[in-house]
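In: only the shape, not the letters, is given here:
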């Protein structure tokens, strides 16, 4: 649990002070390491609230980072289920 909290603060720091691409890489790594890491989507949403502006190349959508976070989370969760080395949850 302490690693998940530490990863949250590292990701928050990276979103505020480091380049966006590095934050995406760190978020993807955290999503892969932790089960259902929704904190990354929350941090991407906060990033959109702080730095988001409508872009013409994204059809005027303001919440580009949050949508990217949701798509990345869905893709990584789907991939984790397909990887043989990732431990399955016991039901």
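Out: Great, that's in hand. Keep in mind the model is a prediction, meaning the values are calculated, not measured.
In: what residues sit buried inside stretch 39-50?
Out: 39, 40, 41, 43, 44, 45, 46, 47, 48 (16 or more other CB atoms under 10 Å). To be clear about C-beta, it is placed using only N, CA and C from the backbone, and glycine gets the same treatment.
In: and if you look at stretch 46-64?
Out: Result for stretch 46-64 [16+ other CB under 10 Å]: buried residues 46, 47, 48, 52, 63, 64.
In: tell me where the longest helix sits in the protein.
Out: If each helix of the chain is counted by residues according to DSSP state H, the longest one is helix 64-82.
In: list the helices and strands that helix packs on?
Out: helix 20-33, helix 39-51 (3 or more CB pairs under 8 Å, 6 or more residues apart in numbering; DSSP states H and E).
In: that one to helix 39-51, inter-axis angle?
Out: Counting by axes from the mean of the first three to the mean of the last three CA atoms, to 10 degrees, helix 64-82 lies at 170 degrees to helix 39-51.
In: list the buried residues in helix 64-82.
Out: Counting neighbours by 16+ other CB under 10 Å, one finds that the buried residues in helix 64-82 are 64, 65, 66, 67, 68, 69, 70, 72, 73, 76, 80.
In: what's the closest non-adjacent residue to the fourth one?
Out: Using CB to CB, 6 or more residues apart in numbering and skipping the chain neighbours, the partner closest in space to residue 67 is residue 61 (7.1 Å).
In: quick one: classify the one you found as helix, strand or coil.
Out: Following DSSP: H, G, I helix; E, B strand; the rest coil, residue 61 is assigned to coil.
In: from residue 7, how far off is it?
Out: 27 Å (CB to CB, to the nearest Å).
In: where does the prediction get shaky in this structure?
Out: 55, 84-91 (pLDDT under 70).
In: find the centremost residue of it, please.
Out: What sits nearest the mean C-alpha location of the chain, by CA atoms, centre = their mean, is residue 40, with 3.6 Å.
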